[in-house]
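1. task: produce atomic coordinates for the following.
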Amino acid sequence: QVQLVESGGGLVQAGGSLRLSCAASVRTFSNYAMGWFRQAPGKERKFVATISWSGSSTYYADSVKGRFTISRDNAKNTVYLQMNSLKPEDTAVYYCAARTSGTSGYPENYQYWGQGTQVTVSS
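-> This next block holds a predicted model:
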């Protein structure tokens, strides 16, 4: 079983930055590829970024490419999402997720989810 806890969300002005963290309670964190997804009110959950178990492979949604960076520290059982140049359209609940296979941009491929953290970007 994997438990995921996100933190670092909050209110920020457009153009600002936030760093989200996701701490995993699991014996071998490096067995899991990790992903970040987001869900705005009334909309479906969408892919943001994913990272392989080693951190050597990363993929991003076009909407965040060049602004967001996903990374992980396997020694700390933590995955991060550095968000720069934030826009009002980035406002959403951000979720981290884990899966035992490789990276994926599809939420249905992830077995474990955190409870989410709210990110609000004001204009």
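2. burial check on Asn74, number of neighbours?
-> Close neighbours of Asn74, defined as other Cβ atoms under 10 Å, add up to 16. Just so you know, the C-beta spots here come from the backbone N, C-alpha and C atoms, and that holds for glycine as well.
3. list the contacts of the closest residue to Val26 other than its chain neighbours.
-> Nearest non-adjacent residue to Val26, counting by Cβ to Cβ, 6 or more residues apart in numbering: Val2, 4.5 Å away. Listed by Cβ atoms under 8 Å, 6 or more residues apart in numbering, the contact partners of Val2 are 24-26, 32, 98, 111-112.
4. list only those of these flagged as buried.
-> By neighbour count, with 16 or more other Cβ atoms under 10 Å, these hold 24, 26, 32, 98, 112 as buried.
5. over to the residue nearest in space to the middle of the chain. Which of the three states is it?
-> Centroid-nearest residue in the chain, with Cα atoms, centre = their mean: Trp36, separated by 2.4 Å. Trp36 falls in the strand class when you classify it by DSSP: H, G, I helix; E, B strand; the rest coil.
6. circling back to that earlier point, in strands, which of the contacts of Val2 fall?
-> Counting by DSSP state E, these place 24-25, 98, 112 in strands.
7. pLDDT added to those, as a markdown table?
-> Output for the ones in strands among the contacts of Val2, formatted as a markdown table (pLDDT from 0 to 100):
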| residue | pLDDT |
| --- | --- |
| Ala24 | 97 |
| Ser25 | 97 |
| Ala98 | 98 |
| Tyr112 | 97 |
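8. against Leu20, how distant is Arg27?
-> Distance, Arg27 to Leu20, by Cβ to Cβ, to the nearest Å: 23 Å.
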